[in-house]
Structure formats: C-alpha cells, structure tokens
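Engineer: I need the structure of the sequence given here:
(one chain, ligands or ions: 1)
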Amino acid sequence: PLDTVSPDSPRPTESTVRIGLVLPDVMGTYGDDGNSLILRQRLRWRGYDAEIVRITLDDAVPDSCDIYTVGGGEDTAQKLASRHLSGSPGVQRAVARGVPVLAICAGMQVFGEWFMVADGSRAPGLGLLDVTTSPQATRSIGELVAEPQMAGLTQTLTGFENHMGATVLGPDAAPLGVATSGVGNGVPAGEPARAGGRVEGVVQGSMIATYMHGPVLARNPELADLLLSRALGVDSLPPVEVPAVDQLRRERLAAARR
Ligand code: GLN
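Structural biologist: Now for the predicted structure:
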C-alpha cells in the first residue's frame with residue numbers, strides 16, 4: 001500500500017530522492033511506516049521526485065538512501081532488527097556521511113549502546129546513539145507533548161507513546177525536547193528522577209530519535225521539513241499549507257490537555 005521499491009531497483013532519475021524505510025516487516029508499530037509516506041508527499045508537493053525503498057530482513061541494507069526512517073516494535077522484533085542492521089551496516093555507513101535518520105521508540109533503543117529486554121538481559125545496540133535503555137517501573141502509555149530543544153524547531157511536538165523502556169542519555173547525546181505532558185524517555189526502575197528531568201528523544205549527529213508514534217511526522221510537519229532540508233542539503237524548503245495537519249495538531253494537543 002505504501003507503493004515502495006526494493007533496495008536493488010535503480011533510481012528512476014539521478015535526482016530522485018530515496019527514502020529508506022528500515023525493516024517495516026519487524027519495526028513499525030502504530031503507523032510508524034507512515035513517516036516515510038509523509039516525507040515522500042512533502043517532497044512531491046515541492047516538485048521533487050521521491051520514492052520509498054522498502055528494506056526488509058531479506059535485504060542487504062543499502063547505504064545509498066538520502067534519508068532513513070525506522071519505527072517501533074517489541075523486544076523480539078528489536079533483537080532481530082539489531083542483529084540484521086549490525087550484520088549489514090548500510091545505515092551506519094550513511095550516518096557516517098551525515099545522512100539523516102529518524103528513529104522511533106524501539107528504533108531509538110536499537111540505535112543505542114544496549115537495551116534491556118524482558119528477561120533482564122542486555123541486547124547489544126548499534127552504538128550510533130549514546131543512550132542505554134532499561135525498564136521503567138510502569139509502562140508509559142498515552143499522549144506525549146514536548147517543547148523542542150533542538151535548534152531549528154520552534155513548534156510544540158505531539159505524539160503518542162507506549163513503551164516500557166526508559167532511555168538514558170550519555171554525554172554525546174542531546175535531548176530532542178522536554179516533555180510537558182506524558183513521560184518521554186522516562187527513568188529506569190529504582191533510579192531517582194534526575195535534575196533537569198523530563199527529557200524526550202535524542203539528537204546526535206544526523207540522527208533524530210523520539211518516543212513519539214502517531215506517526216510523528218504527520219503531527220509535526222516542522223520536524224518533517226527539518227529532516228528533508230538536511231536530506232536535500234538546503235537551508236529551508238518552501239512552506240506548504242495543509243489545513244488538515246493544523247487541525248490534527250489542534251485535536252491531539254487538546255486531547256493531551258484533557
Ligand atoms: N519494546 C520497547 C519498549 O517497550 C519499544 C516499544 C515500542 O516501540 N512501542 O520500550
């Protein structure tokens with residue numbers, strides 16, 4: 001339904017922008033695949049050729065995409081994803097060149113140093129984000145609102161969170177935002193809440209990660225366009241007016257206030 005191409009199909013034109021949809025067969029809860037669709041549509045509205053490259057567990061991971069998105073998933077899916085992406089390190093090579101990546105929830109956890117799974121063991125991550133993830137005392141479920149901390153973002157961020165994991169940032173990782181409603185990255189069970197507290201998401205190099213499902217780019221067009229300007233290497237993109245997006249944002253922010 002996303003109308004995708006496979007990693008080995010040639011670029012139809014030299015200038016076609018390729019959006020890598022990473023492991024939608026195991027990672028992509030709560031409509032996270034939709035993030036790739038939104039990137040493609042916002043490019044097409046600006047007159048760019050764009051296509052979604054569907055990268056599954058059966059594929060070698062290409063390093064040739066212009067931007068990548070990876071969604072959330074549960075423990076078993078995360079372990080499969082982490083193993084496949086470390087054995088076929090196309091995303092890592094792209095990140096080393098500064099190619100933007102958007103990672104959601106379990107996607108964020110997989111790109112970290114390690115994440116703890118249900119049996120209490122630590123599964124290795126890809127080590128591209130200076131973060132570690134271990135369980136909270138209780139699962140965080142519901143609307144999540146955050147004020148952005150990242151340069152280039154001014155609009156309140158809105159999404160939906162559902163995660164057991166608490167993700168702690170190391171010194172090389174910066175917060176995407178500060179949660180004003182909902183939990184965000186959370187605090188591992190047994191640890192005291194930290195000063196400076198309610199961090200949401202991670203920014204490190206060309207990677208942006210968040211606990212926001214939704215899909216997050218449907219609700220936060222400014223974040224979508226920031227990723228796209230980086231993918232295209234431009235300072236900004238011409239604005240597009242989408243009244244339905246404004247309405248969606250109003251509704252979801254009001255739902256979080258209730
Ligand atoms: N399994 C992970 C957790 O509960 C991620 C869940 C998700 O991606 N929604 O923390």
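Engineer: gap between the residue lying closest to Gly71 once chain neighbours are set aside and the ligand?
Structural biologist: If the residues on either side of it in the chain are set aside, Gly71 comes closest to Asp32, at 2.7 Å by CB to CB, 6 or more residues apart in numbering. (Glycine included, C-beta is placed from N, CA and C.) Going from Asp32 to the ligand by CB to the nearest ligand atom, to the nearest Å gives 8 Å.
Engineer: Asp32 touches Gly72, doesn't it?
Structural biologist: Yes - counting by CB atoms under 8 Å, Asp32 does reach Gly72; the two are 5.7 Å apart.
Engineer: quick one: which of the two has more around it?
Structural biologist: It is Asp32, of Asp32 and Gly72, that has more neighbours when counted by other CB atoms under 10 Å, with 28 against 25.
Engineer: list the contacts of the more buried one.
Structural biologist: Thr69, Val70, Gly71, Gly72, Ile104, Cys105, Gly107, His213, Pro215, Val216 (CB atoms under 8 Å, 6 or more residues apart in numbering).
Engineer: picking up where we left off before, now do the shared contacts for Asp32 and Gly72.
Structural biologist: Ile104, Cys105, Gly107, His213.
Engineer: give the contact list for the first one.
Structural biologist: To tie it back to what came earlier, the one meant is Ile104. Contact analysis of Ile104 by CB under 8 Å, 6+ apart lists 32, 35, 69-72, 209-213, 215-216.
Engineer: before we move on, back to that, how far away is the residue nearest to Gly71 from Asp63?
Structural biologist: Per CB to CB, to the nearest Å, Asp32 is found 22 Å from Asp63.
Engineer: list the contacts of the top helix by length along the chain.
Structural biologist: As assigned by DSSP state H, the longest helix anywhere in the chain is helix 243-257. Contacting residues not belonging to helix 243-257 are listed as 142-145, 156, 158, 181-182, 214, 218-221 [CB under 8 Å, 6+ apart].
Engineer: let's see that with 7 Å instead.
Structural biologist: Applying CB atoms under 7 Å, 6 or more residues apart in numbering, the contact partners of helix 243-257 are Glu143, Val145, Thr156, Thr158, Ser181, Gly182, Ala218, Arg219, Pro221.
Engineer: now stretch 47-56
Structural biologist: Everything outside stretch 47-56 that qualifies as a contact, by CB under 7 Å, 6+ apart, is 2, 4-7, 12-13, 15-25, 36, 40, 43-44, 61-62, 65.
Engineer: just checking, Ala81 touches Val110?
Structural biologist: Yes - with contact defined as CB atoms under 7 Å, Ala81 reaches Val110; the gap is 5.4 Å.
Engineer: so for these two, which residue has more residues nearby?
Structural biologist: Taking other CB under 10 Å, Ala81 and Val110 do not tie; Val110 has more neighbours (34 against 26).
Engineer: contacts only, for the more buried one.
Structural biologist: Residues in contact with Val110 (CB under 7 Å, 6+ apart) are Gln78, Ala81, Ser82, Leu85, Gly125, Leu126.
Engineer: please name the nearest non-neighbouring residue to it.
Structural biologist: Closest residue in space to Val110, ignoring its immediate chain neighbours: Ser82 at 4.8 Å, by CB to CB, 6+ apart.
Engineer: wait, a helix at the one you found?
Structural biologist: Yes - under DSSP: H, G, I helix; E, B strand; the rest coil, Ser82 sits within a helix.
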